[in-house]
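S.K.: predicted structure and sequence below. I'll ask about it afterward.
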Amino acid sequence: MEKLIIAGYLSACAAFLTAVLSIVKLVVEKENKTSEFRQQWTNSVREGISDLVAKLNNATSLINYQARLSSIISKLENRLQKEKSDIYEKRLDVFQATVSRVREEISENRHGLFKAFSLCQLHFKQDEEKFKLIESIFDEIMDLNKEVLNRGAASEEKRELNEGAKTKNYDKSQDIVKISRQILKSEWERVKKGEQAFITTKKLSAYGGAIMLIILLGLGYLSYKFSLRTINDSDTITKRVDAHINTVNLIRENNKCWELANVQNKKYKFNRCTGVLEPIE
């Protein structure tokens, strides 16, 4: 019985240590992986959003610049129609070359802009509400730039409208930055807390460890009680055996208990106290 109790006690100790170690290992590995993957995801999203905002602002600036150049070219062409001048022709050539270069930059920037936007899309789920706000702002900026490109800047009124659109686009790009900060913060808080499966596993491990601790303490208490009783019983038995041996020795040493006896014409020593019958040689 005592060996079974000790074996159960040791098994409970092993189970308790296993539960504790599993919790520690689970938490450490999960947190390390979370920190590693979250850092990579955060850096990638941050780079994607910053690249998107930079290209949006660059597109706004280039389109407004092209509108102003187109307005200047239109004015120069009107003057050349009225008055032939080498100075106007040289200026016209310079501005036309500049417009061609700006258009090439707009084309290159447009390709990079949609690439950056697609990269940002791939970081989020299709039904992500917060990223839908970024998509709507992106569409608004593109629509305003298209209006500026179609309107031109031939008059003072149009130039003012273009400047207002430019300011709006810059403000809207900052709104993208604000929304992105909220997304990054909320995602970080969610991952830091852990997924539902991780939370459930952690709770079950904690409950299992608590149960095994209770069992461990109970078995330890029972083992202690049985050990005390075993020691007391052993002492009692030892005392009884010693008393019996002493009694027998005392009886044997008592000569008053011995007497002679004849059995079938043979002489024997008979001890009345112990019932021992010994032959006499």
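M.R.: Here it is on my side, so go on. Residues are numbered from 1 along each chain as shown.

S.K.: which parts of the protein are strands?
M.R.: Counting by DSSP state E, the chain has these strands, from start to end: 258-263, 266-271, 277-279.

S.K.: going by mean pLDDT, which of those comes out lowest?
M.R.: Taking each of those in turn, the lowest mean pLDDT turns up on strand 258-263, with a mean of 65.

S.K.: need the phi and psi values for residue 123.
M.R.: Listed backbone geometry of residue 123 is phi -80, psi -10, with angles given as degrees, to the nearest 10.

S.K.: which residue, other than its chain neighbours, is closest to it?
M.R.: Closest residue in space to residue 123, ignoring its immediate chain neighbours: residue 45 at 5.1 Å, by CB to CB, 6 or more residues apart in numbering. The way it works is simple: take the backbone N, C-alpha and C, and place the C-beta from them, glycine included.

S.K.: OK, contacts around that neighbour?
M.R.: 120, 123, 180, 183-184 (CB atoms under 8 Å, 6 or more residues apart in numbering).

S.K.: contacts for stretch 108-123 next, please.
M.R.: Under the contact criterion CB under 8 Å, 6+ apart, stretch 108-123 has outside partners 41, 44-45, 48-49, 51-52, 55-56, 58-59, 62, 131, 134-135, 138.

S.K.: redo that, cut-off 6 Å
M.R.: Under the contact criterion CB atoms under 6 Å, 6 or more residues apart in numbering, stretch 108-123 has outside partners 45, 48, 51-52, 55, 58-59.

S.K.: tell me the pLDDT at residue 51?
M.R.: 93.

S.K.: tell me where the model's unsure across the stretch 51-200 of the chain.
M.R.: Regions of the stretch 51-200 of the chain meeting the criterion pLDDT under 70 cover residues 88, 191-200.

S.K.: so where do the helices sit in it?
M.R.: In the stretch 51-200 of the chain, the segments counted as helices under DSSP state H, counting those that start in this stretch are 86-122, 129-151, 156-193, 196-253.

S.K.: send the alpha carbons of the second one over as PDB?
M.R.: Output in PDB follows, covering the C-alpha atoms of helix 129-151 (Å, rounded to 0.1, in the frame of the first residue of the first chain):
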ATOM      1  CA  GLU A 129     -13.900  47.500 -42.800                       C
ATOM      2  CA  LYS A 130     -11.000  49.800 -41.900                       C
ATOM      3  CA  PHE A 131      -9.200  49.200 -45.100                       C
ATOM      4  CA  LYS A 132     -12.400  49.900 -47.100                       C
ATOM      5  CA  LEU A 133     -12.000  53.500 -45.700                       C
ATOM      6  CA  ILE A 134      -8.500  53.600 -47.300                       C
ATOM      7  CA  GLU A 135      -9.900  52.300 -50.600                       C
ATOM      8  CA  SER A 136     -12.600  55.000 -50.600                       C
ATOM      9  CA  ILE A 137     -10.100  57.800 -49.900                       C
ATOM     10  CA  PHE A 138      -7.800  56.400 -52.600                       C
ATOM     11  CA  ASP A 139     -10.700  56.600 -55.100                       C
ATOM     12  CA  GLU A 140     -11.500  60.200 -54.000                       C
ATOM     13  CA  ILE A 141      -7.900  61.300 -54.500                       C
ATOM     14  CA  MET A 142      -7.800  59.700 -58.000                       C
ATOM     15  CA  ASP A 143     -11.100  61.300 -59.000                       C
ATOM     16  CA  LEU A 144      -9.900  64.800 -57.900                       C
ATOM     17  CA  ASN A 145      -6.700  64.400 -59.800                       C
ATOM     18  CA  LYS A 146      -8.700  63.400 -62.900                       C
ATOM     19  CA  GLU A 147     -10.800  66.500 -62.500                       C
ATOM     20  CA  VAL A 148      -7.700  68.700 -62.300                       C
ATOM     21  CA  LEU A 149      -6.200  66.900 -65.400                       C
ATOM     22  CA  ASN A 150      -9.400  67.500 -67.400                       C
ATOM     23  CA  ARG A 151     -10.000  71.000 -66.200                       C
END
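
S.K.: name the residues that touch it?
M.R.: Applying CB under 6 Å, 6+ apart, the set of residues contacting helix 129-151 from outside is 56, 59-60, 63, 67, 124, 158, 162, 165, 169, 172, 175-176, 179, 183.

S.K.: let me know the angle separating it from helix 86-122.
M.R.: Interaxial angle of helix 129-151 relative to helix 86-122 (axes from the mean of the first three to the mean of the last three CA atoms, to 10 degrees): 160 degrees.
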